[in-house]
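In: Next comes the sequence, and after it the predicted model I'd like to discuss.
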Amino acid sequence: MRQPYGRDIASTVVYAHPAWFARHGYNVVIQDVRGRGGSEGDFYPFRHEARDGAETIAWLRTRPESNGSIGMYGFSYQGATQLLAAAEQPVGLVCISPAMTACDLYSGWFYQGGALRLASTLGWGLQMLKEDARRCGHRKASDLLERAWSNLPAQFLETPYASHPAFAFDALPTYLRDWIEHDKPGDYWTALDVSQSLKRINIPALHVSGWYDTYLRGSVDGFNSMRANADHQYLLAGPWIHIPWGERIGPHPLGAEANFDTDALLLRWFNHWLKGTNEFAAEPPIRHFAVNQNKWHDASEFPAPSETLYLHSDGRANSSKGNGLLTPLAPTTTEPPDIFVHDPEVPITSPGIGPANQAALELGNNVLVYTSPPFDVPVHIFGSVEVELHCATSAPSADFVAKLICLKPNGDAMFIAIGIARNSHHLADYVPDQPHLWHIPIEPTSCLFAPGDCLRIEIASSAYPLFDRNPGTSIAPRHTDPWNWQRSTQVVYHDAARQSCIHLPIANAGGDA
């Protein structure tokens, strides 16, 4: 494992201590990456991990303890160090297990739909800069970063966020500033990740993802991309957040089956590829946990959307008190559109952690709510939901956010998954006050809707601070403050000529894809 958090920790927040793996017959090496912990050099995330990882593997193969066969493991940044090393095709690297990470850093780690993942990017960047300040002996910067870290929610309120006080110290590395300034895909990002070198990764990989993890899209997209080029790609998709993995997320119980023994699975993985035990041969390509069912399912692939529900209302889908509907019947008449106002000063907040109840958020008229009739039979959504909205907005710049919700008979609105689209990322021909077709890919999920449950989508123009707020002006969000914010009017059409809808991937009657 190559990691930047201290080799004595060794990611034991989610993995067994290295001694546990050693007791099963493995030599386990935990290495501080360049510029972290006990390693010399300067730390710039991702930049040196490909070469450093390959050189480390070459060195390990010269050790008397080594039989020449090496596997790598770890999650988050430790997943990225595996992918980057594997793309170098070092001799002796037999298998990897990248968990909760991304092959494409822009779209799978830092940005989604063109919007910055503000909370995770700023939070992680400040965390990393703390050690940089200590290593270079900059006490003033260290004290400021420690105060910021102790009150992260206040940091998300800092505007313009590209001018956060932590960026004012020239002695510190520039990577957090660079992530924020490079708000478009391009050479900066491809120089750091493996998005352009996936075909060079041709070894078996056990991918691990969480339905409520920050890097869910990065994990699933990485698995799907890598299996197109390499055999023996597997995915474990659990119901977890980034840390920890288990049967509960905060106050939300997931079910006893969510306590999956990932260490035992990892041991079987390494036994299969490094010891030749063949004990992973019967494992399905995808094993996924169905939220709201407490059950694991096997699948060979993610199904494409197969069912479509259409948006309807009489022009008042605002809030859960409105009359927004989802039905399999496309609109055939001129239904009045739905209208809401986006105010960046009072943004719609993030959904919270795990399957958080959205019922209180749905009471505001700045959220459109569309709900299906109760299901008569179980319906298993498995894969990526896609939302198509015909919208117009008065703003030079705008976002549309869609959330997938399971509405329970008691009125609880259980969050399942989210997606966002920013006009600058999705619409090359965008013109304010003109209708455009917005495609909003919602992050993948596996969720069972029981008889009596309803499927619901929420439409808004923010999910703050999960994503940075769109100021509604032509100024980039990272450079705006309240002086630059502008309210905007958003219009969602659903008539015979403009059929807004949601496309659903449905697992088969047995619950497997």
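Out: Yes, it's here.
In: ok, now which ones touch residue 507?
Out: Residue 507 is in contact with 297, 299, 303, 380-382, 446, 513, counting by CB atoms under 8 Å, 6 or more residues apart in numbering. For glycine as for every other residue, the C-beta is placed from the backbone atoms N, C-alpha and C.
In: ok, of those, which one's closest to residue 214?
Out: Taking CB to CB as the measure, residue 214 sits nearest to residue 446 out of those, at 17.9 Å.
In: And the host helix or strand of that closest one, what does it pack against?
Out: Assigning secondary structure by DSSP states H and E places residue 446 in strand 445-449. The helices and strands touching strand 445-449, judged by 3 or more CB pairs under 8 Å, 6 or more residues apart in numbering; DSSP states H and E, are strand 286-290, strand 379-383, strand 399-407, strand 413-422.
In: mind checking the SS state of the nearest residue to residue 371 once chain neighbours are set aside?
Out: If you skip the residues right next to it in sequence, residue 371 has residue 456 as its closest partner in space, 4.5 Å away by CB to CB, 6 or more residues apart in numbering. Residue 456 carries the three-state label strand when classified by DSSP: H, G, I helix; E, B strand; the rest coil.
In: Wait, residue 456 touches residue 326, no?
Out: Yes. Here residue 456 reaches residue 326: they are 7.4 Å apart, a contact under CB atoms under 8 Å.
In: Now do the contacts for the residue nearest in space to the middle of the chain.
Out: Central residue check for the chain by CA atoms, centre = their mean: the C-alpha nearest the mean position is that of residue 215, 3.0 Å away. Residue 215 makes contact with 76, 100-102, 108-109, 209, 242 under the criterion CB under 8 Å, 6+ apart.
In: Could you report the separation of residue 260 from residue 286?
Out: Taking CB to CB, to the nearest Å as the criterion, residue 260 is separated from residue 286 by 14 Å.
In: neighbour-wise, which of those two wins?
Out: The residue with more neighbours, out of residue 260 and residue 286, is residue 286; 24 against 19, by other CB atoms under 10 Å.
In: so how far is residue 67 from that one?
Out: 31 Å.
In: go on, residue 333?
Out: Using CB to CB, we find residue 333 at a distance of 72 Å from residue 67.
In: Would you state the helices of the stretch 101-250 of the chain in chain order?
Out: Counting by DSSP state H, counting those that start in this stretch, the stretch 101-250 of the chain has these helices, from start to end: 105, 118-135, 139-150, 152-156, 175-181, 187-190, 216-227.
In: Just to check, residue 499 is in contact with residue 332?
Out: No. Using CB under 8 Å, residue 499 is not in contact with residue 332, being 9.4 Å away.
In: Please say which of the two ends up with more neighbours.
Out: Residue environment comparison for residue 499 versus residue 332 gives the larger neighbour count to residue 499, 16 against 9, counting by other CB under 10 Å.
In: quick one on the thing from earlier: which ones among the contacts of residue 215 lie within strands?
Out: Taking DSSP state E as the definition of strands, those contribute residue 209.
In: Quick one: end-to-end distance for stretch 180-196.
Out: Terminal residues of stretch 180-196 lie 22 Å apart, using CA to CA, to the nearest Å.
In: which parts of it are buried?
Out: Neighbour-count burial for stretch 180-196 flags 180, 182-183, 185, 189, 192-195 (criterion: 16 or more other CB atoms under 10 Å).
In: Using JSON lines, lay out the residues you listed together with distance to residue 22 and pLDDT.
Out: Supplementary listing: the buried residues of stretch 180-196 in JSON lines, determined by distance: CB to CB, whole Å; pLDDT from 0 to 100:
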{"residue": "180", "distance to residue 22": "41", "pLDDT": "97"}
{"residue": "182", "distance to residue 22": "41", "pLDDT": "98"}
{"residue": "183", "distance to residue 22": "44", "pLDDT": "97"}
{"residue": "185", "distance to residue 22": "41", "pLDDT": "97"}
{"residue": "189", "distance to residue 22": "37", "pLDDT": "98"}
{"residue": "192", "distance to residue 22": "33", "pLDDT": "98"}
{"residue": "193", "distance to residue 22": "32", "pLDDT": "98"}
{"residue": "194", "distance to residue 22": "29", "pLDDT": "98"}
{"residue": "195", "distance to residue 22": "35", "pLDDT": "97"}
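In: Out of these, flag the one nearest to residue 367.
Out: residue 183 (25.9 Å).
In: quick one: the most far-flung residue of the chain relative to its centre from residue 21, how far?
Out: Each residue of the chain has a distance to the centre, and by CA atoms, centre = their mean the biggest one is for residue 64: 40.6 Å. Residue 64 sits at a distance of 19 Å from residue 21 (criterion: CB to CB).
In: Surely residue 169 and residue 137 touch.
Out: No. Counting by CB under 8 Å, residue 169 does not reach residue 137; the two are 11.9 Å apart.
In: Who has more neighbours out of the two?
Out: The neighbour comparison of residue 169 against residue 137 (other CB under 10 Å) goes to residue 169, with 18 against 9.
In: Now for the spatially closest residue to that one that is not a sequence neighbour: which residues touch it?
Out: Of all residues not flanking residue 169 in the chain, residue 141 sits nearest, at 4.3 Å (CB to CB, 6+ apart). Applying CB under 8 Å, 6+ apart to residue 141 gives the contacts 129, 133, 166, 169, 171-172.
In: next one: residue 239
Out: In this structure, residue 239 makes contact with 210-212, 249, 254, 258, 289, 291, 354, judged by CB under 8 Å, 6+ apart.
In: One more: residue 140?
Out: The neighbourhood of residue 140, defined by CB under 8 Å, 6+ apart, consists of residue 169.
In: cool, residue 403 as well?
Out: Residue 403 is in contact with 351, 358, 415-419, 442, 457-458, 460, 463, counting by CB under 8 Å, 6+ apart.
In: Take these and write them to JSON lines, including distance to residue 84.
Out: As requested, the contacts of residue 403 are arranged in JSON lines below (distance: CB to CB, whole Å):
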{"residue": "351", "distance to residue 84": "32"}
{"residue": "358", "distance to residue 84": "37"}
{"residue": "415", "distance to residue 84": "33"}
{"residue": "416", "distance to residue 84": "32"}
{"residue": "417", "distance to residue 84": "28"}
{"residue": "418", "distance to residue 84": "28"}
{"residue": "419", "distance to residue 84": "28"}
{"residue": "442", "distance to residue 84": "29"}
{"residue": "457", "distance to residue 84": "37"}
{"residue": "458", "distance to residue 84": "37"}
{"residue": "460", "distance to residue 84": "36"}
{"residue": "463", "distance to residue 84": "30"}
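In: Considering these, which is situated nearest to residue 364?
Out: Ranked by distance to residue 364 (CB to CB), the contacts of residue 403 are led by residue 460 at 8.8 Å.
In: Kindly provide the distance from the nearest residue to that closest one once chain neighbours are set aside to residue 401.
Out: Once flanking residues are discounted, residue 460 sits nearest to residue 348: 4.3 Å by CB to CB, 6+ apart. Here the distance between residue 348 and residue 401 works out to 7 Å (CB to CB).
In: Give me the common contacts of those two.
Out: Counting by CB under 8 Å, 6+ apart, the residues touching both residue 348 and residue 401 are 460-463.
In: okay if I get the helices and strands packed on strand 445-449 as CSV plus mean pLDDT and distance to residue 371?
Out: Supplementary listing: the helices and strands packed on strand 445-449 in CSV, determined by pLDDT from 0 to 100; distance: least, CB to CB, whole Å:
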stretch, mean pLDDT, distance to residue 371
strand 286-290, 98, 21
strand 379-383, 98, 14
strand 399-407, 98, 6
strand 413-422, 98, 9
